[in-house]
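Trainee: below are the sequence and a predicted model; questions follow.
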Number of protein chains: 2
Amino acid sequence: MNNIIINADSLTELPKLPYESIDLIFADPPYWMRTEGVLQRTEGTEFQGCNDSWDKFSSLSDYESFTLQWLTECRRILKPSGSIWVIGSMQCIYTIGSLMQRLGYWLINDIIWHKTNPTPNFMGTRLNNSHETLIWAVKNKRAKFTFHYKTAKALNSESQGHQMGSVWRFPVCSGNERLKDSNGHKLHSTQKPLAMLERIIAISSNIGDTVLDPFAGTMTTAAAAKKLGRKYIMIEREKIYCDYGAERLENITFEDSEIARAEFDVKPLRVSMAEMIEAGYFVEGEKFLLADGKEYAELQSDGKLLYQGKIIDMHTCAALAKNLKAKRINGFDFWYVRRGNKLISIKTVRENYRNTLKIT
Amino acid sequence: MNNIIINADSLTELPKLPYESIDLIFADPPYWMRTEGVLQRTEGTEFQGCNDSWDKFSSLSDYESFTLQWLTECRRILKPSGSIWVIGSMQCIYTIGSLMQRLGYWLINDIIWHKTNPTPNFMGTRLNNSHETLIWAVKNKRAKFTFHYKTAKALNSESQGHQMGSVWRFPVCSGNERLKDSNGHKLHSTQKPLAMLERIIAISSNIGDTVLDPFAGTMTTAAAAKKLGRKYIMIEREKIYCDYGAERLENITFEDSEIARAEFDVKPLRVSMAEMIEAGYFVEGEKFLLADGKEYAELQSDGKLLYQGKIIDMHTCAALAKNLKAKRINGFDFWYVRRGNKLISIKTVRENYRNTLKIT
DNA sequence: CATTGATATGAATCCTACG
DNA sequence: ACGTAGGATTCATATCAAT
């Protein structure tokens, strides 16, 4: 059931997928653009937007009903730890977001795709619509989901080395990347940029995960998934997109990388104070100091601290010693010990201990 | 009923306002942030977000009902030519947008306020939420609304001189602009930047218009309105905000400007071909040429053109002569006439004619 | 090959006053 | 309400031909 393209309607296919079997969903549903007539450039040429039969709906309640159906199924097949991305624009994203919240999805972020090269507003009738919106959500409020924070930081082209924000800059899909039909015309009216899908899959899934796209189109989601070593299930109603998409995927291979493996986000080994005392990295009875050099507390054999006659954990103790309103802070950021005539952060001591574990 | 602050609840006050009496509405409703517990920075200090009593709701349907009520009233009191802006974030904007579309509002644009200095995500648990969303809408699909396109162009700090897009960069409200209470703490947890309100009011209303804000808070909307010569009706439930807001408004005066008056958007005088022939700017029977210098058509007394034996209007004729797919293009951009031994654009001729009208 | 200029095009809720 | 004529309006890129 992996790495397949299903040439059928999502509303009939999604119910066939097993309960809680999918790690990541990317959905690029019909937007229901509601355009009328032809839009003409000043020079007299026509703008070719999205005027496909698959984007037509008869009414708002019709569109709501369609949206409710596929969102309901997606929630059923999503793993508890999985997450879903949905892209849309003004015309549809409010319907989508509102139904998601009603269905119990919990929104993680909404993300703005700020297009670097949007179609201008030819007539000057309103603001140039230069973005689309992505909603990223989980099944339930308390769900634990995959998010590679440091991978996202590494991928943050908008502000290198800083945490990734909710506004992303990407050009629209054009040029060589854009699939053409046998007449040389664009195959699909709304092909999404591969780079955006790669970012999404890299930060919110793991190697080997299964990615589902219920409106797969030109298989951009599958292309990104394959490149990053994820499995994929693509559902697409139009045969022509499936055919061209399958061909596209043949030329794509897994490219292993730190990003694909999310190696920046590998959690350091969990170690306990007691363990480090045992290993001789801390000594029972030694003094814990703050950066000011004053001795505040005394280390106990179990890793707790003796402070003003009471035995408390070092995180609570740090907040107390620093006289903070907060009850608890990360003691590894505040406590020092004496080594020779120097003050050493206990974080450094832990780092040294962890390094010995890596070697063995 | 102008330039007033009403210290009361919007749900009771909006129904008292007359039908179709408001030109522009800006609404910054409670977002229902659904925060829990205390968010602590790494150093142990507490982040002071929005935890106000006015932002508490018991359930999604409760919030939907509240939203439906004020949006319904706003639609009732909005003039047919008026428009409404609503700001919100992920937590609420999908509910708001979806209800707006259900109520029959027609969206003009959604606009992203991309914060230049967002609060970081302290825990690294998700993407840094660095934007809020504004929805700009009219009462009905066919409604004509005020939009000063060229004023927007002039105000476009993101890309000077180009059409304004749907992603706006503004810093969050801070420093001197941020109102403080008697203890020196921020008066209001969600004060919006004045510059953003000025932009909104400048591009979507006229001098003398009435601007309504049903959740007026620190009266930023009124401040921008007053500065730009608009009238205002502010509704705010909390007395303390009304008091500080009234004081704030005392120090603000109307600053006249081309932007305030939207002078870039003044429409040129409408003139007809027949009128210009009458005035001698064109001569009946003279030849109309394209840029290539070939004679294509012959001017008739009523301003129409004789082309290949048929009499047609010059816009349709231009499309024909240029062999375009389009049925009609602006003839003033394509036709030339001979003046002496030079080719002159008929747009230039019209410009000359218009200049004589200005003098008299 | 590098540079320049002309041309094509992208999820678009894309005109309006007057008779 | 609807037809007609007047008149206003685009930006970043990619491609390709010409220099």
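Mentor: Perfect, I can see it now. Numbers count the residues shown, from 1 in each chain, chains lettered A, B, ... in the order given.
Trainee: ranges for the strands of the stretch 51-200 of chain A?
Mentor: A:78-88, A:106-115, A:131-138, A:167-170 (DSSP state E, counting those that start in this stretch).
Trainee: would you mind finding the most buried of those strands?
Mentor: Highest mean neighbour count of those: strand A:131-138, a mean of 24 (counted as mean count of other CB atoms under 10 Å in any protein chain shown). Glycine gets a C-beta too; all of them are placed from N, C-alpha and C.
Trainee: report whether that one contacts chain B.
Mentor: Yes: Strand A:131-138 reaches chain B (CB under 8 Å from any CB of the partner chain) through A:131, A:133, A:135-136.
Trainee: circling back: reformat the strands of the stretch 51-200 of chain A as JSON lines; add distance to DNA strand C and mean pLDDT.
Mentor: JSON lines is the format used below for these (distance: least, CB to the nearest atom of the strand, whole Å; pLDDT from 0 to 100):
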{"stretch": "strand A:78-88", "distance to DNA strand C": "7", "mean pLDDT": "98"}
{"stretch": "strand A:106-115", "distance to DNA strand C": "7", "mean pLDDT": "98"}
{"stretch": "strand A:131-138", "distance to DNA strand C": "7", "mean pLDDT": "98"}
{"stretch": "strand A:167-170", "distance to DNA strand C": "10", "mean pLDDT": "96"}
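Trainee: out of the ones you listed, which comes closest to A:Phe26?
Mentor: With CB to CB as the measure, strand A:78-88 is the member of these nearest A:Phe26 (4.9 Å).
Trainee: give me the distance between the closest one and the centre of its chain.
Mentor: 9 Å (CA atoms, centre = their mean, to the nearest Å).
Trainee: can you get me a residue count around the residue in the stretch 51-200 of chain A positioned nearest to DNA strand C?
Mentor: In the stretch 51-200 of chain A, the residue that lies nearest DNA strand C is A:Met123 (3.0 Å; CB to the nearest atom of the strand). Per other CB atoms under 10 Å in any protein chain shown, the neighbour tally for A:Met123 reads 11.
Trainee: find the nearest non-adjacent residue to the residue in chain A that DNA strand C sits nearest to, please.
Mentor: In chain A, the residue that lies nearest DNA strand C is A:Gly49 (2.6 Å; CB to the nearest atom of the strand). Distances taken as CB to CB, 6 or more residues apart in numbering or on different chains place A:Thr35 nearest to A:Gly49, at 6.1 Å, with adjacent residues excluded.
Trainee: residues from the stretch 101-250 of chain A in reach of chain B?
Mentor: Residues of the stretch 101-250 of chain A lying close to chain B by CB under 8 Å from any CB are A:101-102, A:107-112, A:114, A:118, A:120-121, A:124-131, A:133, A:135-136, A:147, A:149-150, A:152, A:163-167.
Trainee: can you tell if stretch A:184-193 touches DNA strand C?
Mentor: Yes: judged by CB under 7 Å from any atom of the strand, stretch A:184-193 comes into contact with DNA strand C at A:186, A:189-191.
Trainee: that stretch near DNA strand D anywhere?
Mentor: No: using CB under 7 Å from any atom of the strand, stretch A:184-193 never reaches DNA strand D; the gap is at least 8.7 Å.
Trainee: just the CA trace of that stretch, in CSV.
Mentor: What follows is stretch A:184-193, C-alpha atoms only, in CSV (Å, rounded to 0.1, in the frame of the first residue of the first chain):
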residue,chain,number,x,y,z
GLY,A,184,3.6,22.5,-24.9
HIS,A,185,0.9,24.1,-22.8
LYS,A,186,0.9,23.8,-19.0
LEU,A,187,-0.4,20.4,-18.1
HIS,A,188,-2.1,21.6,-14.9
SER,A,189,-3.4,25.0,-14.1
THR,A,190,-2.3,25.0,-10.5
GLN,A,191,1.0,23.1,-10.1
LYS,A,192,2.6,23.9,-6.8
PRO,A,193,6.4,24.6,-6.3
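Trainee: which residues sit against it?
Mentor: With contact meaning CB atoms under 8 Å, 6 or more residues apart in numbering or on different chains, stretch A:184-193 is reached by A:28, A:31, A:48-52, A:87, A:170-173, A:177-181, A:217-218, A:220, A:240-241, A:244.
Trainee: how about a cut-off of 7 Å?
Mentor: Under the contact criterion CB atoms under 7 Å, 6 or more residues apart in numbering or on different chains, stretch A:184-193 has outside partners A:28, A:49-50, A:52, A:170-173, A:178-181, A:217-218, A:220, A:241, A:244.
Trainee: and if you look at stretch A:74-93?
Mentor: A:14, A:17-28, A:31-34, A:96, A:103, A:105, A:108, A:129, A:132-139, A:143-146, A:200, A:204, A:214, B:107, B:109-110.
Trainee: the same query, at a cut-off of 6 Å, please.
Mentor: The set of residues external to stretch A:74-93 that reach it, using CB atoms under 6 Å, 6 or more residues apart in numbering or on different chains, is A:17, A:19-28, A:31-33, A:96, A:103, A:132-139, A:143-145, A:200, A:204, B:107, B:110.
Trainee: perfect, I'm done here.
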